[in-house]
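J.: I need the structure of the sequence given here:
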Amino acid sequence: KKITNDELVDKVAALYNPNGPDTSGYSGTSLIKMVEKRWDSLSKDHRKRIVHYLDEPIRSGPGAPDGQKSFETDHFQIIYQTKGDDKVAGGDDDGNGIHDYAEEVATYLEQSWAKEVVEFGFKAPPGSDQAKVRCHIKNINHNGLTHAATKKTAWIEMNNDIAAYTIRLIGEEAAKNITVDEAGLQAGMLKACCAHEFFHCIQAAYDWEEENWWCEGTAEWAGDAVFPESKFYTNNVSPRFKNPHVSLFSKEGWFEYASSIWAFYLAENYGAHEIIRQIWEGCEGDTGVFKATQDALGDFEEQFLYYACYNYLRAYADGDRFPEMKVLAMEGPGSVSSEGLEAPQTFGANYFTVPTASKVTVTLANGQRGGVRLISITNGRWKILPHVMEEGRFEVSIGDTENLEKIIIVVAGFQEQGTLGYNLTVE
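T.: Have a look, this model is predicted:
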């Protein structure tokens, strides 16, 4: 579903309305990128409503707000307010003339640079060889977001009281479980968000126009790769388990964030940060993430089928923090049609459990493209069994093997658009 220009402008305006509607399910960075792409198609009224949000705020000198302060670290300039609506949370407990919240943001950003650029080997953000990367701490209706002028510069906007903002959205009790960081809610969220937003700055050095699901998914991965003590990203993965039929490429709601699971699948199976960097390097120019992934790992469809299986198994380092997969149980002989299901979108999947002694047939509708994998679980151990579809048909006979506990059939859609049409029969 493509959001209209009216909806897009409303959402961008809401990002900068601290008392506005909840915007947390949409990536602020993705919305800004979308506005940039659609600028020529926006009406004069649309542009007037949001143009002042797209320009970087004044950093110093004439026109700067009363009470604005800034300081520099090795790689960043932090700009914050001590008065008005944008006043930063807390005070200056150590008496060094800099508010502690702003210092905390600066510390986490520098740690993100050390990890993402120095240790992991990603490119530094565009323009950072000429000037510091700017971070404006503001009273925004989001955790944070990133702006970039591709190959020229990038800047970050960070919430001025991320703990209070979170409590306003979900309540104090729920906020206690949003991060497992022993340093607390504020530290756990700021760490993940600083690493996430800084990775968006890095993305601008490769391809700022890259697909949002890949940009957000790898930014979420970066938040955990830099600060594994936070685990903030795990709050955003549930859509992939509750609605596995939805496309990996979805721009809807939380799904861009939930695509972090794809990044973790790649990182945990193909070389940690190196595979993420290799694919981003392949994204430069007009290549795109789909081809860059195939160049690095081979058939994208084959990788997706294994990824879909890993999602069912929750075969990840943090898998015990993920919800269980939505599964349809076939308890005996019968047939089911995709017409009566939430059928797989392009690179989405359905999951079925079937009896351990049965014959299973999956038949695709004419002209449809899809894939099937079978997962067997015996004595608590799992195995993914590759099966090739021949002329749109998959068939397997499952014996009543001793200790065979469960069989899961994964059906994935690879059609160019719409949903996958198929029938599944158990005999």
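J.: can you give me the helices for the protein?
T.: Listed in chain order, the helices of the chain (DSSP state H) span 5-15, 28-38, 44-54, 100-113, 162-170, 172-175, 185-203, 212-226, 238-242, 255-258, 260-270, 272-283, 289-297, 300-313.
J.: bridging residues for the nearest residue to residue 386 once chain neighbours are set aside?
T.: Distances taken as Cβ to Cβ, 6 or more residues apart in numbering place residue 373 nearest to residue 386, at 6.9 Å, with adjacent residues excluded. In this view, the C-beta of every residue, glycine as well, is placed from N, C-alpha and C. Residues in a beta bridge with residue 373, per DSSP bridges, are residue 386, residue 410.
J.: I figured residue 373 was touching residue 394, is that so?
T.: No. The pair residue 373 and residue 394 fails to qualify as a contact (Cβ atoms under 8 Å) at a distance of 9.5 Å.
J.: tell me, what's touching these two both at once?
T.: Both residue 373 and residue 394 are in contact with residue 387, where contact means Cβ atoms under 8 Å, 6 or more residues apart in numbering.
J.: if I pick the closest residue to residue 198 other than its chain neighbours, what's in contact with it?
T.: Distances taken as Cβ to Cβ, 6+ apart place residue 112 nearest to residue 198, at 4.3 Å, with adjacent residues excluded. In this structure, residue 112 makes contact with 194-195, 198-199, 222, 226, judged by Cβ under 8 Å, 6+ apart.
J.: Kindly report the same for residue 296.
T.: By Cβ under 8 Å, 6+ apart, the contact set of residue 296 is 270, 275, 278-279, 282.
J.: change it to 10 Å
T.: 266, 270-271, 274-276, 278-279, 281-282, 303 (Cβ atoms under 10 Å, 6 or more residues apart in numbering).
J.: Run through this structure and note the low-pLDDT ranges.
T.: Confidence mapping of the chain against pLDDT under 70 gives the ranges 1, 24, 150-151, 400-402.
J.: middle-most residue in it, spatially?
T.: residue 257 (2.5 Å; Cα atoms, centre = their mean).
J.: List the contacts of the residue nearest to it when sequence neighbours are not counted.
T.: Nearest non-adjacent residue to residue 257, counting by Cβ to Cβ, 6+ apart: residue 236, 3.8 Å away. With contact taken as Cβ under 10 Å, 6+ apart, residue 236 is in contact with 24-25, 216, 220, 254-261.
J.: picking that back up, looking at the helices of the chain, spot the one closest to residue 60.
T.: For the helices of the chain, proximity to residue 60 was assessed by Cβ to Cβ; helix 100-113 is nearest, at 14.9 Å.
J.: could I get the contacts of residue 112 as JSON lines with neighbour count and distance to residue 49?
T.: Output for those, formatted as JSON lines (neighbours: other Cβ atoms under 10 Å; distance: Cβ to Cβ, whole Å):
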{"residue": "194", "neighbour count": "29", "distance to residue 49": "29"}
{"residue": "195", "neighbour count": "27", "distance to residue 49": "31"}
{"residue": "198", "neighbour count": "33", "distance to residue 49": "29"}
{"residue": "199", "neighbour count": "28", "distance to residue 49": "29"}
{"residue": "222", "neighbour count": "29", "distance to residue 49": "32"}
{"residue": "226", "neighbour count": "24", "distance to residue 49": "35"}
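J.: just these now: which is nearest residue 316?
T.: residue 222 (16.2 Å).
J.: Touching, that closest one and residue 272? I think so.
T.: No. Counting by Cβ atoms under 10 Å, residue 222 does not reach residue 272; the two are 11.8 Å apart.
J.: Give the intersection of the neighbour lists for those two.
T.: Joint contacts of residue 222 and residue 272 (Cβ under 10 Å, 6+ apart) are residue 120.
J.: Can you get me a residue count around the residue nearest to residue 386?
T.: A total of 22 residues lie near residue 373 under the criterion other Cβ atoms under 10 Å.
J.: ok, now which ones touch it?
T.: Going by Cβ under 10 Å, 6+ apart, residue 373 touches 302, 304-306, 308-309, 312, 349, 384-387, 394, 408-412.
J.: Give me the buried subset of these.
T.: 304-306, 308-309, 312, 349, 384, 387, 394, 408-412 (16 or more other Cβ atoms under 10 Å).
J.: what's the farthest-apart pair in these?
T.: 312 and 394 (17.1 Å).
J.: Between the buried ones among the contacts of residue 373, which sits nearest residue 80?
T.: residue 304 (43.1 Å).
J.: Who's the closest spatial neighbour of the closest one, skipping the chain neighbours?
T.: residue 347 is the one closest to residue 304 (Cβ to Cβ, 6+ apart), at 5.5 Å.
J.: So what does the one you found look like in phi/psi?
T.: Backbone torsions of residue 347, given as degrees, to the nearest 10, read phi 60, psi 50.
J.: residue contacts, it?
T.: Contacts of residue 347 (Cβ under 10 Å, 6+ apart): 213, 246-250, 262, 290, 300-301, 304, 307-308, 412-415.
J.: same thing with residue 380?
T.: Residues near residue 380 by Cβ under 10 Å, 6+ apart: 403, 405.
J.: From residue 265, how far out is it?
T.: Per Cβ to Cβ, to the nearest Å, residue 380 is found 22 Å from residue 265.
J.: Count the neighbours of residue 84 for me.
T.: So residue 84, with other Cβ under 10 Å, has 11 neighbours.
J.: Assess the claim that it and residue 64 are in contact.
T.: No. Using Cβ under 10 Å, residue 84 makes no contact with residue 64, being 12.0 Å away.
J.: Quickly note the distance from residue 319 to residue 388.
T.: The gap separating residue 319 from residue 388 is 28 Å, by Cβ to Cβ.
J.: neighbour-wise, which of those two wins?
T.: residue 319 (15 against 7).
J.: Could you list which residues are in contact with the residue lying closest to that one once chain neighbours are set aside?
T.: Distances taken as Cβ to Cβ, 6+ apart put residue 313 closest to residue 319, at 7.5 Å, once the chain neighbours are dropped. Neighbour list for residue 313: 319, 325, 375, 377, 382, 384, 408 [criterion: Cβ under 10 Å, 6+ apart].
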